[in-house]
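S.K.: Below is the sequence, then the predicted model.
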Amino acid sequence: MVTFLDLRSQLTAEVDAFRGESLEIRPQRASTYTGAMDDPDRPPVLIIGVLFVGRGEALSPTGGRSAKSWSSRLAAQEIELRVDPRRHPGVLVARTGDHVVSALRGKTYQISRIDPDQTTRHVLQLTELP
């Protein structure tokens, strides 16, 4: 008998096969003099995840998207990585500040926030690095 959890796992695997891309999490450690640098105590982790890069928008300094009382606006782009922790448990060791490298896109991102409370996915909020 097929259970709901079996169907959920199968659907998650299908989404990963269709939309997922291979990524590398490179652990970083803070350094007072050089900023972030590779952490030799934690090895890099290869994962497959679904990377969502939103379109750039302008935000007001108050946090709203359409405040008219502010004359200055800030550029913002939502970047979110969703990973199935049952298939890729290495994502569970990721920390804020670690780097995520996408060879497919040729870009490096930094983990700015981790949201582990999702039902099927571990969600990492990312910031693109120059």
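M.R.: Yes, it's here. Numbers count the residues shown, from 1 in each chain.

S.K.: residues touching residue 51, list them.
M.R.: 21, 23, 79-81, 102, 105 (CB atoms under 8 Å, 6 or more residues apart in numbering). Yep, even glycine has a C-beta here, placed from its N, CA and C like the rest.

S.K.: and residue 22, what are its bridge partners?
M.R.: Note on residue 22: beta-bridge partners residue 48, judged by DSSP bridges.

S.K.: In contact with it, which residues?
M.R.: Neighbour list for residue 22: 46-48, 103-104 [criterion: CB under 8 Å, 6+ apart].

S.K.: Who wins on neighbours among the contacts of residue 51?
M.R.: residue 81 (26 neighbours; other CB atoms under 10 Å).

S.K.: I'd assumed residue 53 was in contact with that residue.
M.R.: No: if you go by CB atoms under 8 Å, residue 81 and residue 53 don't touch, sitting 9.8 Å apart.

S.K.: mind checking which helix or strand of the chain has the lowest mean pLDDT?
M.R.: The helix or strand of the chain with the lowest confidence, counting by mean pLDDT, DSSP states H and E, is strand 74-76 at a mean of 52.

S.K.: hey, C-alpha coordinates of the following helix or strand past that strand in PDB?
M.R.: On the C-terminal side of strand 74-76, the nearest following helix or strand under DSSP states H and E is strand 79-83. Extracted C-alpha coordinates of strand 79-83, given in PDB (Å, rounded to 0.1, in the frame of the first residue of the first chain):
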ATOM      1  CA  ILE A  79      17.100  34.200  -3.900                       C
ATOM      2  CA  GLU A  80      15.900  31.000  -2.300                       C
ATOM      3  CA  LEU A  81      17.400  27.500  -2.300                       C
ATOM      4  CA  ARG A  82      15.100  24.600  -1.400                       C
ATOM      5  CA  VAL A  83      16.700  21.200  -0.600                       C
END
